[in-house]
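Novice: Whatever this is, show me its structure:
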Amino acid sequence: MRLNLSNNASTVLQSDISSNDTIITVDNTETLPEVPFPLTLNMTEEIVYVTKVDGNKLTVERGQEGTESKAYPSGTECWVNFTAGAYKGLDKGLTDVKEEVTSHKADIATENELGHVRVDGDSIFITDDGVIRSKGTKIIEESFTVTVGQDGDYQTLNEALQDLSKYRPLYSEDTIKVTIILLNDYEMREQVIVERINLSWIEITSEQAEVNVVREDMVKETQLPDGTLIYPVFCARDNGHLPIVNCLFYVDETGEENSVKGIVCLNNSKAIIKDKAGIKNAYDNIYAHSESNIEAYGCVATFAKKRGIYSLRSSSINAINADASNAGSHGIHATHSSSINASNADASNAGSYGIYANQSSSIEFWGGDASGAKTTGIRANQNSTINATNALAKLGEEDSPNDIYVAIGSTVVIYGTTEGGTSQAMNKVTSSGIIFG
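Specialist: Numbering: from 1, shown residues only. Okay, here's the model as predicted:
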């Protein structure tokens, strides 16, 4: 039993009691504690436990803690002392609390239940008023700019991104963003790989017209879903989102081509490339793979070693007004159930195909230029569709059946002022498909 105590508490018997009485009358109860409490009769003789107080009548348990129940006359002093029983009750209470706390140590807290929480002092802290806050997350309440270069705020782009990723913008009616300016002396000797996080509130710009990418330093590999290894300059993967690209990069000729791709999105990832921004001279300049999306209105993707703009495995790219000219193989290529909106885009002078839709893919190429290709200007293959209304597709000066080509149940639309010969008569269904015009 846990017994209550109070300082300097005492009273006296108001009437005689026998050794068997369990209700005693005292002269006052004002200083007595709440029940239950110990009461020592005649200073040191008998300890009783008071279990009820009714006015001046006390209900007691006689002869406690090894003392003997006796008769006492009226006027006997009764004191509330700190007895051995009171100490044992206190000790047991502390033990019970300790056991209760210990029992919860293994109960890890969840969203809906209280429990043990492990505090990492490097990432969070507890304020003086008991609020847990994160050290790692800093709220941005207004836009600001940082620089990267020899005399910049950061020496490398990755250093800037690693630091800025500790922030997050506050929701606002006005756009809040962080702008990274690549200084005139900056040369890209690093790769930016963004995995599972969204950095689209950061925008990369440059003082230079073109930022040189040192190809021989692009050595960090990234694995595609099919196991193929690539070496991207920029890559978002596994639901990642790249910083907005608002400047132009040029991959130089140092080292080997070695499948150095430009701006890459893999596995449901995203990127935004601004008008007149992008990348030149990579193996594939702009590349979306496995349900990814790239917003690249007016982008620059010229002089690719293989493909200027490439979408595959159920991915999509908005490349309206884009420039993907002078590609080594394909100017603009969509395959494996992918789509590209390349209206008014330039895919001219391709080493093989200007526009190529393959394996149930679609390309919107209204008003685009696919002229000057070496093999085929516009080709739809394996149940694919291309809208080439008002497009240019001639390989040379004269019309050729390779200018606009359908194969294996595909469709090409060439109404309006489309220029180029066709692989079959228009508006006629064959096993290759149909060309509407």
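Novice: Report pLDDT for the nearest residue to Phe82 once chain neighbours are set aside.
Specialist: Counting by C-beta to C-beta, 6 or more residues apart in numbering, Phe82 lies nearest to Leu5, which is 6.1 Å off, once chain neighbours are set aside. Bear in mind the C-beta positions are built from the backbone N, C-alpha and C, glycine included. In this model, Leu5 is scored at 91, pLDDT.
Novice: dump the residue contacts of Leu5.
Specialist: Counting by C-beta atoms under 8 Å, 6 or more residues apart in numbering, Leu5 touches Pro33, Phe37, Pro38, Val80, Phe82, Ala86.
Novice: any idea how far Val97 is from the third one?
Specialist: If you measure Pro38 against Val97 using C-beta to C-beta, to the nearest Å, the figure is 22 Å.
Novice: between those two, who's got more neighbours?
Specialist: Shown here are Pro38 and Val97; by other C-beta atoms under 10 Å, Pro38 has more neighbours (24 against 10).
Novice: On the three-state scheme, the more buried one is what?
Specialist: Three-state assignment for Pro38 (DSSP: H, G, I helix; E, B strand; the rest coil): strand.
Novice: Give the full set of residues in contact with it.
Specialist: 3, 5, 47-50, 64-65, 80-81, 83, 85-86.
Novice: Output the below-cut-off pLDDT ranges for the stretch 51-200 of the chain.
Specialist: 93, 100-137 (pLDDT under 70).
Novice: circling back: buried subset of the contacts of Pro38 as a PyMOL selection?
Specialist: Filtering the contacts of Pro38 down to the buried ones (16 or more other C-beta atoms under 10 Å) takes a single PyMOL command:
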select buried, resi 3+5+47+48+49+50+64+80+81+83+85+86
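Novice: of all the contacts of Pro38, which comes closest to Ser19?
Specialist: Ser19 lies nearest to Val48 out of these, by C-beta to C-beta, at 11.4 Å.
Novice: So for that closest one, what's the nearest residue that isn't a sequence neighbour?
Specialist: That would be Val60: by C-beta to C-beta, 6+ apart, it lies 4.1 Å from Val48.
Novice: show me where this structure has helices.
Specialist: 84-103, 157-164 (DSSP state H).
Novice: just those helices: most buried one?
Specialist: helix 157-164 (a mean of 17; mean count of other C-beta atoms under 10 Å).
Novice: what about it, distance to the chain center?
Specialist: How far helix 157-164 lies from its chain's middle: 16 Å, per C-alpha atoms, centre = their mean, to the nearest Å.
Novice: now swap in stretch 240-250 and tell me
Specialist: That offset, for stretch 240-250, works out to 19 Å (C-alpha atoms, centre = their mean).
Novice: Same check on stretch 40-58?
Specialist: Relative to its chain's centre, stretch 40-58 lies at 67 Å (C-alpha atoms, centre = their mean).
Novice: Which positions in that stretch come out as buried?
Specialist: Thr40, Leu41, Glu46, Ile47, Val48, Tyr49, Val50, Val53, Leu58.
Novice: That stretch: end-to-end distance?
Specialist: Taking C-alpha to C-alpha, to the nearest Å, the first and last residues of stretch 40-58 lie 13 Å apart.
Novice: Also stretch 72-89?
Specialist: 28 Å.
Novice: rewinding a little: so can I have TSV of the helices of the chain showing distance to Gly354?
Specialist: Converted to TSV, these look like this (distance: least, C-beta to C-beta, whole Å):
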stretch	distance to Gly354
helix 84-103	72
helix 157-164	33
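Novice: so which of these comes closest to Ser343?
Specialist: Of all the helices of the chain, helix 157-164 comes closest under C-beta to C-beta, at 32.3 Å.
Novice: Against which helices or strands is the closest one packed?
Specialist: Applying 3 or more C-beta pairs under 8 Å, 6 or more residues apart in numbering; DSSP states H and E, one finds that helix 157-164 makes contact with strand 144-148, strand 178-182, strand 192-195, strand 202-206.
Novice: redo that, cut-off 10 Å
Specialist: Using 3 or more C-beta pairs under 10 Å, 6 or more residues apart in numbering; DSSP states H and E as the contact test, the elements touching helix 157-164 are strand 138-140, strand 144-148, strand 178-182, strand 192-195, strand 202-206.
Novice: How far does the first one sit from its chain's centre?
Specialist: Which is strand 138-140. 15 Å.
Novice: now do stretch 403-413
Specialist: 42 Å.
Novice: Please enumerate the strands of the stretch 101-250 of the chain.
Specialist: Ranges of strands in the stretch 101-250 of the chain, per DSSP state E, counting those that start in this stretch, are 124-126, 132-134, 138-140, 144-148, 167-169, 178-182, 192-195, 202-206, 211-213, 222-223, 229-230, 234-237, 244-245, 248-251.
Novice: list the buried ones in the fifth one?
Specialist: Put plainly, it is strand 167-169. So for strand 167-169, counting by 16+ other C-beta under 10 Å, buried means Tyr167, Pro169.
Novice: In terms of pLDDT, where does Lys280 sit?
Specialist: Lys280 is given a pLDDT of 98.
Novice: with the buried residues of stretch 40-58 in mind, which one is nearest to Val12?
Specialist: Ranked by distance to Val12 (C-beta to C-beta), the buried residues of stretch 40-58 are led by Leu41 at 10.1 Å.
Novice: hang on, that closest one packs against Lys70?
Specialist: Yes. Counting by C-beta atoms under 10 Å, Leu41 does reach Lys70; the two are 7.8 Å apart.
Novice: which residues do the two both contact?
Specialist: Shared contacts of Leu41 and Lys70, defined by C-beta atoms under 10 Å, 6 or more residues apart in numbering, comprise Ile17, Arg62, Thr76.
Novice: What is the nearest of the buried residues of stretch 40-58 to Leu224?
Specialist: Tyr49 (79.7 Å).
Novice: wait, the closest one sits on Val60?
Specialist: Yes. The pair Tyr49 and Val60 passes the contact test of C-beta under 10 Å, sitting 6.5 Å apart.
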